[in-house]
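Colleague: Sequence first, then the predicted structure, then my questions.
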Amino acid sequence: MEAATDTADRSTLVSLAVESCVTGLARFMSGASVRWVDCQPDPCQRIYFANHTSHLDVVIVWSSLPREVRRLTRPVAAKDYWTKGWLRRRIAKAYNAMLIDRRSIKVHQSPVDLMLREMGDDHSVIIFPEGGRTDGQRVGDFKSGLYYLCKKRPHLEAVPVYLHNMGRVLPRDEYLPVPLLSSVTFGAPLWLESGESKTDFLARARDAVLRLAPREDD
Amino acid sequence: MAPAQENWAFAATVVCLLGLATLVGRVLRNQTHLGLNPAAVDAFNSRVRSWWLICALLTVAFLSKTITVVLFGLLSFWALREFITLTPTRLSDHRALFWVFFFFTPLQYVLVWLNLYEVYSVLIPVFAFLFIPMRISVAGDPKRFLERASKIQAGLLVCVYCLSYAPAVLYLENPQLSYSSAARLLFLLVILSMLSEAVQHAWSRLYGKHVIAPEINQSRTWEGFLGSSATIALVSAVLFQVGATPFAQLWQAALVGLLIAVMGLAGAMTLSAVKRDRRVQDYGTLVEGHGGVLDRIDALCFAAPVFFHVVRQFVAV
């Protein structure tokens, strides 16, 4: 019994160490500043959905949240990617990631149901509804997961998050980051309106993310 | 005077000057009938606050060369970060940027720290200058090639190469030049370049009529420029008279002061032009919550290399 708690303690310690190292490094490299626009940090159940341009995105969104909100927030990540190798498994564990199997999707085991079950009554999630990383030049169309989450649990707040410049800090297919200054902007929460169609809702959600982008003049 | 006494005299002068600037800021804030733009006064006051901070940090220069070099290295790193963030680069510049941030920037400061003048004076203008376009061309993206390459080169030159001459002043050597007078030279550079900004604001407010280039910067006037150049040359000459500078002749001190004021204006105008091109007000406003480092040190970046080379001719050869 004692040995078991000991191992558990050590495992938590390793997780904590991995988490602080990765978070510190990611925050330094991205120089991320955090803005809340028409939205306040709150530990209520939320779905944070963001544009996805970099490996650092998850860490940056997660670490922008205040500590007490962070504890209740779990990033959603692809199982096949995050279970490869010791380090990735460690990182996934340190961030308490919700690993979703993209391959074996069954009727009664849909990712949305899985997520809702894992969320329970107190956890929030961070998702990237574009499905994969984009090149950072534009925000791609959203996959339907966000819609089904909101449909099955209409009281969840869907909070749009815009990540600016992250794609320049660590673009896809690169493993060396360049320390530019980026920003994370949280916007006003959305809810699924009654009778709103899937395409309408997803387009509205995508617009909400895009509206948080700083204006480019040229 | 003994070196310790000289240092105290110098510190007293610095504190007096900063106190004066703070006082001017207070008075301007309360003089509502002058019809001054309150935003400009606030900007001036925040500038003065950052000067206090810079001077407090700079006292380290009297204690340790190494820490001073590290301090300026971090300043360069942050300024370059702001510059490149503002500059539109393409994804294919990523590797070149990595070299710029993690190879050339630290190496430049390590070379300054090792006092290898022959190497650090050519590292960026020759080696980095040639390397950057080569690395971008290897990445294989021809779109706006020359523009991208020269933007990265310019950022590296202004934010890293030019600024690294400021701590290099500490390494100037000659038998008559003690370490504390070299440290005072660095202080002189920083203080005078900041003071020239303040004096220029004051002259522009009082007598400014002819704006130099309204499209670039609306607050810089010819009257402010000429007034501040004369004032700074005078201040530098006074500092020579009280024995706070290591120059041999009065005209040398006055000339150095004049050059700092002129180069300060050059730096501020140049970096304003870059900002106006990208249509931002400050490098800092780009990302809220980060004070724009480059907004504060633009004058210093341009003044430092000129100051170094001129002073080197006067005192160290």
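Modeller: Perfect, I can see it now. Residues are numbered from 1 along each chain as shown, chains lettered A, B, ... in the order given.
Colleague: Tell me, how many residues neighbour residue A:121?
Modeller: Residues lying near residue A:121 (other C-beta atoms under 10 Å in any protein chain shown) number 5. Backbone N, C-alpha and C define where each C-beta goes, glycine included.
Colleague: What strand or helix carries the residue nearest to the spatial centre of chain A?
Modeller: Centroid check for chain A by C-alpha atoms, centre = their mean gives residue A:126 as the closest residue, at 3.0 Å. According to DSSP states H and E, residue A:126 maps onto strand A:124-127.
Colleague: the helices in the chain, which residues?
Modeller: No chain in the question, so chain A it is. In chain A, the segments counted as helices under DSSP state H are A:2-30, A:57-64, A:67-70, A:79-82, A:86-94, A:111-119, A:145-152, A:166-169, A:198-211.
Colleague: meant chain B, my bad for not saying
Modeller: Going by DSSP H, chain B shows helices at B:3-30, B:38-58, B:60-63, B:65-86, B:94-99, B:105-113, B:117-122, B:129-139, B:145-155, B:163-168, B:179-207, B:222-241, B:250-277, B:293-311.
Colleague: if you compare these, which one is most tucked away?
Modeller: Among these, helix B:163-168 has the highest mean neighbour count (mean count of other C-beta atoms under 10 Å in any protein chain shown), at a mean of 26.
Colleague: Tell me how far that one lies from the chain's centre.
Modeller: A distance of 9 Å separates the centroid of the chain from that of helix B:163-168, by C-alpha atoms, centre = their mean, to the nearest Å.
Colleague: Quick one: mean pLDDT for it?
Modeller: Average pLDDT, helix B:163-168: 95.
Colleague: swap in stretch B:201-218?
Modeller: What stretch B:201-218 shows for mean pLDDT is 85.
Colleague: That stretch spans what distance, first to last residue?
Modeller: End-to-end distance for stretch B:201-218: 11 Å, by C-alpha to C-alpha, to the nearest Å.
Colleague: Specify the angle between the helix or strand of chain A with the lowest mean pLDDT and helix A:86-94 in degrees.
Modeller: Of all helical and strand segments in chain A, the minimum by mean pLDDT, DSSP states H and E falls on helix A:2-30, at a mean of 80. Orientation check (axes from the mean of the first three to the mean of the last three C-alpha atoms, to 10 degrees): helix A:2-30 against helix A:86-94 gives 100 degrees.
Colleague: Quick check: residue A:199 vs residue B:262, distance?
Modeller: Noted for residue A:199: a distance of 62 Å to residue B:262, by C-beta to C-beta, to the nearest Å.
Colleague: hmm, I was thinking of residue B:179
Modeller: Note on residue B:179: its distance to residue B:262, by C-beta to C-beta, is 29 Å.
Colleague: same thing with residue B:8?
Modeller: With C-beta to C-beta as the criterion, residue B:8 and residue B:262 are 31 Å apart.
Colleague: How about residue B:9?
Modeller: Spatial separation of residue B:9 from residue B:262 under the definition C-beta to C-beta is 27 Å.
Colleague: Please list all residues in contact with residue B:218.
Modeller: Counting by C-beta atoms under 8 Å, 6 or more residues apart in numbering or on different chains, residue B:218 makes contact with residue B:211.
Colleague: typo on my end, it should be residue A:118
Modeller: A:74, A:98.
Colleague: Can you give me every residue that contacts the nearest residue to residue B:166 once chain neighbours are set aside?
Modeller: Spatial nearest neighbour of residue B:166, excluding adjacent residues (C-beta to C-beta, 6 or more residues apart in numbering or on different chains): residue B:304 at 4.3 Å. Neighbour list for residue B:304: B:162, B:163, B:164, B:165, B:166, B:169, B:189 [criterion: C-beta under 8 Å, 6+ apart].
Colleague: Tell me where the model's unsure across chain A.
Modeller: A:1-5, A:104-108, A:132-137, A:215-218 (pLDDT under 70).
Colleague: Counting by contacts, list what the longest strand along chain A packs against.
Modeller: Across chain A, the longest stretch assigned as strand under DSSP state E is strand A:157-164. Here strand A:157-164 touches strand A:46-50, helix A:57-64, helix A:145-152, strand A:183-186, helix A:198-211, going by 3 or more C-beta pairs under 8 Å, 6 or more residues apart in numbering or on different chains; DSSP states H and E.
Colleague: Would you reformat these as CSV and include mean neighbour count and distance to residue A:122?
Modeller: As requested, the helices and strands packed on strand A:157-164 are exported to CSV (neighbours: other C-beta atoms under 10 Å in any protein chain shown; distance: least, C-beta to C-beta, whole Å):
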stretch, mean neighbour count, distance to residue A:122
strand A:46-50, 25, 11
helix A:57-64, 24, 16
helix A:145-152, 20, 16
strand A:183-186, 24, 20
helix A:198-211, 16, 23
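Colleague: contacting residues around the closest residue to residue B:89 other than its chain neighbours?
Modeller: Nearest residue to residue B:89 in three dimensions, chain neighbours excluded: residue B:148, at 5.9 Å (C-beta to C-beta, 6+ apart). Contacts for residue B:148 (C-beta under 8 Å, 6+ apart) come out as B:89, B:90, B:93, B:136.
Colleague: which bits of the stretch 51-200 of chain B sit near chain A?
Modeller: Contacts of the stretch 51-200 of chain B with chain A, taken as C-beta under 8 Å from any C-beta of the partner chain, map to B:77, B:81-82, B:84-85, B:88-89, B:91, B:94-95, B:97-98, B:101.
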